[in-house]
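Trainee: Got a sequence here, can you build the structure:
(one chain, ligands or ions: 1)
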Amino acid sequence: MHCGKNCAVFHVGKISPNDGVHSYWTHFIISISLALPVCDITRWVIVMKIIVSACLLGIHCRYSGDGCYNEAVAALAAAHELIPVCPEQLGGLPTPREPNEIVGGEVMTKNGNKFTRSFEKGAREVLKIAKLLGCTHAVLKSRSPSCGSGKIYDGTFSGTLIDGDGVTAKLLKENGILVFSEESLQNL
Ligand code: SF4
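Mentor: Got it, this is the predicted structure:
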């Protein structure tokens, strides 16, 4: 039966006087839903602010000067607010730039030029943005010395992976932000 209050709530069986609480909240939510366009309902109900590696959204910020657009990551924008960041650019590094890997706690190029401080500065800037906007989740590019989460290259520039986090992923995790990659979106 229809609820009789000009909304789309249907009750199975008889409405008892004790339905008050259920009916109030159900009517409140459904009435707001009917008053808003579908996109606004979605934003009102499930929106999260998510820090995202800018390269995954197609921004040309990678060391090679290109991006690595990921359709599944970009699709998150339908339900959430995405905040694109590139910690290496925020740390003051140019684009394009030499690739870096983490070697014994230092971030350096194949020739041994150290950029640890730039990577740490970029990580702090990303954390600052996350805190300013109240972000609790991040989706970061896998295997990067900044953004990698769980697995990073081993510092030999040979494509070998080891357990570990990039500088930014590590700092975000230490500050309670849940970090995912484009390869673990199913856990988000
Ligand atoms: S630092 Fe992160 S966001 Fe920037 S290019 Fe590398 S993986 Fe992408």
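
Trainee: From here on, just use CA atoms for contacts and neighbour counts.
Mentor: Will do.

Trainee: so what's residue 51 up against?
Mentor: Going by CA atoms under 8 Å, 6 or more residues apart in numbering, residue 51 touches 82, 83, 84, 85, 130, 135, 137, 138, 139, 140.

Trainee: just checking, what packs against the lengthiest helix in the chain?
Mentor: In the chain, assigned by DSSP state H, the helix with the most residues is helix 116-133. If contacts are counted by 3 or more CA pairs under 8 Å, 6 or more residues apart in numbering; DSSP states H and E, helix 116-133 sits against helix 87-90, strand 106-109, helix 167-174.

Trainee: since we're on residue 128, how many residues are nearby?
Mentor: Look at residue 128: counted by other CA atoms under 10 Å, it has 13 neighbours.

Trainee: do the same with residue 175
Mentor: 12.

Trainee: can you list the residues of the protein near the ligand?
Mentor: Taking CA under 6 Å from any ligand atom as the criterion, the chain approaches the ligand at residues 53-55, 61-62, 85-88, 141, 144, 146-147.

Trainee: between the helices and strands packed on helix 116-133, which gets nearest to residue 122?
Mentor: helix 87-90 (4.2 Å; CA to CA).

Trainee: Tell me the gap between that closest one and the middle of its chain.
Mentor: The chain centroid and the centroid of helix 87-90 are separated by 16 Å under CA atoms, centre = their mean, to the nearest Å.

Trainee: what's the spacing between the closest residue to residue 58 other than its chain neighbours and residue 183?
Mentor: Leaving aside its sequence neighbours, residue 58 sits nearest to residue 69 (CA to CA, 6 or more residues apart in numbering; 4.1 Å). Using CA to CA, to the nearest Å, residue 69 is found at 13 Å from residue 183.

Trainee: likewise residue 146?
Mentor: Distance of residue 146 to residue 183, given as CA to CA: 16 Å.

Trainee: In helices, which of the residues of the chain next to the ligand appear?
Mentor: Among the residues of the chain next to the ligand, the members falling in helices (DSSP H) are 87, 88.
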